[in-house]
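In: pasted the sequence and its predicted model underneath.
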Amino acid sequence: MPVVSERGQIRLDVSRGQTIRLSQTAKTMFIADPAIADIQAPSNDAAFVFGKKAGRTSFFALDDSQQAIAEYEVIVTQPIKDLREMLRSEVGDYAIQVSYTPNGAVLSGTVPNAALAESAKSITTQFLGPGAIITNKLRVAGALQVNLQVRVAEVARNVAKEFGFNINATAETGSFRFGFVNGRSAVGPAGQIIRSPTGAGSAFLGFGAGGTNISAVLDALAAEGLVAILAEPNLTAVSGEPASFLAGGEFPIPVAQGLDRFSVEFKRFGVSLDFVPTVLAGEMISIRVKPEVSDISSRGQVQINGFTIPALATRRADTVVELASGQSFAIGGLIRKGFSTDISAFPWLGDIPVLGALFRSSNFQKDETELVIIVTPYIVRAAVSATQTQAPTDRVAPPSDVDRVFLNRVASPPPGRQAPKAKVTRPLQDGFILE
């Protein structure tokens, strides 16, 4: 049996080639399956082999006596580098390994969820073309979850001022009686001083002689109030899935159904949050977040058939942002300012210089509100042990008689349920460990 002097293996990508130099002069050179690879022979001792489609075939070179002087196994595969770049571009920068087989490819590695594994298989099938056999060995590590911490800070300030004269005068002469009243009533039927309905301070002065009675009340008020509200809703959701949160309540609204029939619908109010997180490549997070803060208000309320329907003072925002885990963004500038001034005066008399102040009353009201919303997302993983999570009730139990009577305690740690000492770098939120 003749001995082949040259043996080896040639690995090619589709549409790529390689030059073979023979140690002897060949009379005939050919490829066993020209559909997989083909050759061009510029001389009797050299050949250029190029791949046409994925598969395996053989290259032979024969001498003048038709004896084989060279035999090479030719393996043609798809360009693996191009496929890896496409997977990285379309699926994400995950640890996906691609190994080619004669009839297709094998995918291995780890991806966050099943959707990405199916997407990687679909892209590989399209890249290799119809008929390719794709073996999907990708492992699913579990869906990424996003914890969203939202701080809603609101500061409201209101100022009220009131200043007015209230004069009540009556006189009687014979059969005639006449009087003058400006502002509210100063004295009640039992002779008591009537206080201002707004809660203002009052100074009273009265005079009575025969049929003449004069009483005057000076109302003065200066009030200022400051309210600070802080809500911190905390929510966790799977990447790509919506989540919502409401800290508040609902109030009923009657809805006419015709023929004097009514139904009841409920309108929610308070601090609410709706968001959809999506984890992108490089642990970037795209968030569509819709925070809303609403309060029941008497301003704008309506009355229908004896029903009083309150109005809502609402501030909301709707935005989409991209940021890394642990970064924050703020929604500010939600400022509301308003003031009102009411002046009541007796016609003509209230317009007299200096003395006209005795026949006028004024009310001033100013409201200022500022709202800031701070949002911070975190990529989280579930806690592996119950000892890594804490609940507020782990340190709270009814006090004993000794604690209550002698130590003045309103609560004590529950016996046998001391809070676990978990070694974590950050406080835990909703049973999840922040990364």
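Out: That came through fine. Residues are numbered from 1 along each chain as shown.

In: residues contacting residue 202?
Out: 193, 195-196, 217-220 (C-beta atoms under 8 Å, 6 or more residues apart in numbering). For every residue, glycine as well, the C-beta is placed using N, CA and C.

In: okay, and which of those map to strands?
Out: Residues of these located in strands (DSSP state E): 217-220.

In: buried ones among those residues?
Out: 217-219 (16 or more other C-beta atoms under 10 Å).

In: other residues contacting stretch 150-160?
Out: Residues contacting stretch 150-160 (C-beta under 8 Å, 6+ apart): 221-235, 271, 273, 289, 291, 293, 363-376.

In: what's the weakest-modelled helix or strand in the chain?
Out: Least confident helix or strand, the chain: strand 432-434 with a mean of 40, by mean pLDDT, DSSP states H and E.

In: follow-up on the earlier one: name the nearest of the buried ones among the ones in strands among the contacts of residue 202 relative to residue 257.
Out: Distance to residue 257 across those (C-beta to C-beta) is lowest for residue 219, with 47.6 Å.

In: if the closest one is in a bridge, with which residues?
Out: Residue 219 forms beta bridges with residue 164, residue 202, as assigned by DSSP bridges.

In: what's the pLDDT at it?
Out: Predicted confidence (pLDDT) for residue 219: 82.

In: same check, this time on the one 5 residues further on
Out: Residue 224 carries a pLDDT score of 83 in this model.

In: ok, then the element right after the helix or strand it falls within?
Out: Assigned by DSSP states H and E, residue 224 belongs to strand 212-231. Next along the chain after strand 212-231, taking DSSP H and E as the criterion, comes strand 234-238.

In: helices or strands next to that next one in the packing?
Out: strand 145-173, strand 243-258, strand 261-279 (3 or more C-beta pairs under 8 Å, 6 or more residues apart in numbering; DSSP states H and E).

In: so who does residue 245 touch?
Out: Here residue 245 is in contact with 233, 235, 271-274 (criterion: C-beta under 8 Å, 6+ apart).

In: same thing but 7 Å
Out: Residues near residue 245 by C-beta atoms under 7 Å, 6 or more residues apart in numbering: 233, 235, 272-273.

In: circling back: quick check: buried residues in the strand holding residue 224?
Out: Buried residues in strand 212-231 (16+ other C-beta under 10 Å): 213-219, 221, 231.

In: then stretch 86-105?
Out: 87, 91-92, 94, 96, 98, 100, 104-105.

In: what does stretch 331-350 contact?
Out: With C-beta under 7 Å, 6+ apart as the test, stretch 331-350 has contacts from 182, 315, 317, 319, 356, 359-373.

In: buried only: go through these for me.
Out: 182, 315, 317, 359-361, 363-364, 367, 369, 371, 373.

In: adding pLDDT and secondary structure, write these out as JSON lines.
Out: Formatted as JSON lines, the buried ones among the contacts of stretch 331-350 follow (pLDDT from 0 to 100; DSSP: H, G, I helix; E, B strand; the rest coil):
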{"residue": "182", "pLDDT": "77", "secondary structure": "strand"}
{"residue": "315", "pLDDT": "80", "secondary structure": "strand"}
{"residue": "317", "pLDDT": "82", "secondary structure": "coil"}
{"residue": "359", "pLDDT": "74", "secondary structure": "helix"}
{"residue": "360", "pLDDT": "78", "secondary structure": "strand"}
{"residue": "361", "pLDDT": "80", "secondary structure": "strand"}
{"residue": "363", "pLDDT": "80", "secondary structure": "strand"}
{"residue": "364", "pLDDT": "83", "secondary structure": "strand"}
{"residue": "367", "pLDDT": "82", "secondary structure": "strand"}
{"residue": "369", "pLDDT": "82", "secondary structure": "strand"}
{"residue": "371", "pLDDT": "79", "secondary structure": "strand"}
{"residue": "373", "pLDDT": "81", "secondary structure": "strand"}
